[in-house]
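J.: starting from these lines, generate the structure:
(one chain, ligands or ions: 1)
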Amino acid sequence: MNKPLLSSEQSVDTAILVINCGSSSVKFSLIQPETGHSLLSGLAECLTTPQASIKIKHKLTPSENEQSETSPLAQPYDHQQALTTLVSKLRSLNLVENIIAVGHRVVHGGESYAQPVLINDDVKATIKQLAKLAPLHNPANLIGINACQQAFKDLPQMAIFDTAFHQSMPEKAYLYGVPFSLYREHGIRRYGFHGTSHFFVANQAAKLMGKSLSQCNLISAHLGNGCSVTAIKNGESVDTSLGMTPLEGVMMGTRSGDIDAGIVFHLVEQLGYSINEVDTLLNKKSGLLGVSQLSNDCRTLEEAMLDPNHPQSAQAKLALTVFCYRIAKSIASFSASLTTLDGLIFTGGIGENSSWVRTQIIKQLSLLNFSVCEQANQTARFGTNGNISTADARPCWVIATNEEWVIAQQSAQLLSK
Ligand code: ADP
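T.: Numbering: from 1, shown residues only. Okay, the predicted model is just below:
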């Protein structure tokens, strides 16, 4: 590592480059870890296809207007080239010198990582080995790490794992009811995901309550394209709905969530599906999309549901109703994991923005003394954090998540150690 440790003099101008590499996309953000201010951010998507594009926006001071651009691209355009475009942009804005580290979101850390880690060859080998548990995600994360090591040769690279926050789960929460040897020999257990998001919003809720996180008992519902619910006891994850893979738990945009495992045999043996077809069915054609037969997008479904002339209106309502019931059931199930409960948190694109979804979920949780204040619920959107419960009920907060800021903060903390 050639860079000096983070000092208080550096902290004003320094920033962490946060990289979130998917199989065909790279999301990036240059963040000041103390304030969370994003100097520059963007998304390269449809990589390695003719539709590849990159969008970069920057806002170098809080008063500067946001600028956005889409660059013309050479073909084929891949992760490495996207990062080359990013580096040129950072150079042209004189931002490269401000970067003190690169923080990578890595999806699966297995049981190896409960904390962020400085990436070296051993860490990369472990991430590669864990690709058998996350075949779609960990290889893409490694592409991002290798590309950044090429592009930023002198900078320390950190890995922040989506699974890390859930490593505090007890055995009773992470073991499945299958032969123990499958866990011991093959690592088959619940790992959970969205850890950085649950951690961030739990911290925000702690601040709203004026407590330290370790004094807080919460249930957090991250509802985006992927959805998960987590029980947090004394500030630590004690159970979560996503499992060994991001397919378990509540219903999601295109993922089924929990189903009877016997359905898989039925699809294969009785209906002639191949295993690949079952995989696609449950991961990409189910959830809100599968039930509505219209869309995986909550906004589209709400619009269709509210328009009686829409041909899929009833089906859209059915999909959203099943979605909300399954989430409410998952939240209620965590009353087995906690002895006290300070409140419930909604976050993620749906959790932060859909007052309809929040109302449906909260209405089904009256046994846990949740009750929605519709006026507060209607105004809690577009990044405003707030309690949407009636005065006599248990608190229920809408909190905008910021995984990039957590990655920047944790990278800076690791650097300063
Ligand atoms: P990801 O998991 O890919 O990060 P997001 O957290 O951005 O996804 O969430 C995407 C979901 O949020 C989509 O279903 C989208 O329809 C939903 N969403 C975004 N804005 C609204 C809104 N105003 N009302 C209802 N749903 C919304």
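J.: ok, which stretches of the stretch 101-250 of the chain are strands?
T.: With strands called from DSSP state E, counting those that start in this stretch, the stretch 101-250 of the chain shows them at 117-118, 157-161, 218-223, 227-233, 236-240.
J.: oh, I was asking about the stretch 251-400 of the chain
T.: Using DSSP E, counting those that start in this stretch, strands in the stretch 251-400 of the chain cover 343-347, 386-387, 396-398.
J.: one step back: turn the strands of the stretch 101-250 of the chain into CSV, columns for distance to Leu282.
T.: The way it works is simple: take the backbone N, C-alpha and C, and place the C-beta from them, glycine included. Shown next, in CSV, are the strands of the stretch 101-250 of the chain (distance: least, C-beta to C-beta, whole Å):
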stretch, distance to Leu282
strand 117-118, 32
strand 157-161, 24
strand 218-223, 19
strand 227-233, 15
strand 236-240, 19
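J.: mean pLDDT lowest where, among the strands of the stretch 251-400 of the chain?
T.: When the strands of the stretch 251-400 of the chain are compared by mean pLDDT, strand 386-387 comes last with a mean of 92.
J.: other SSEs contacting that strand?
T.: helix 374-379, strand 396-398 (3 or more C-beta pairs under 8 Å, 6 or more residues apart in numbering; DSSP states H and E).
J.: say whether the ligand is contacted by the shortest one.
T.: Read it as strand 396-398. No: Strand 396-398 lies out of reach of the ligand by C-beta under 6 Å from any ligand atom, never closer than 11.9 Å.
J.: same for that strand, what does it pack against?
T.: Using 3+ C-beta pairs under 8 Å, 6+ apart, strand 396-398 is in contact with helix 195-209, strand 343-347, helix 355-363, strand 386-387.
J.: could you list the paired strands of it along with their orientation?
T.: Strand pairing for strand 396-398, using DSSP bridges, gives strand 343-347 (parallel), strand 386-387 (antiparallel).
J.: just the helices and strands packed on strand 386-387: most buried one?
T.: strand 396-398 (a mean of 25; mean count of other C-beta atoms under 10 Å).
J.: give me the contacts around that one.
T.: 201, 204-205, 208, 343-347, 351-352, 358, 362, 370, 372, 377, 380-381, 384-389 (C-beta atoms under 8 Å, 6 or more residues apart in numbering).
J.: again, 7 Å this time
T.: 205, 208, 343-346, 351-352, 362, 370, 380, 385-389 (C-beta atoms under 7 Å, 6 or more residues apart in numbering).
J.: need the nearest residue in space to Gly195, chain neighbours excluded.
T.: Excluding the flanking residues, the one nearest Gly195 by C-beta to C-beta, 6 or more residues apart in numbering is Phe165, at 3.1 Å.
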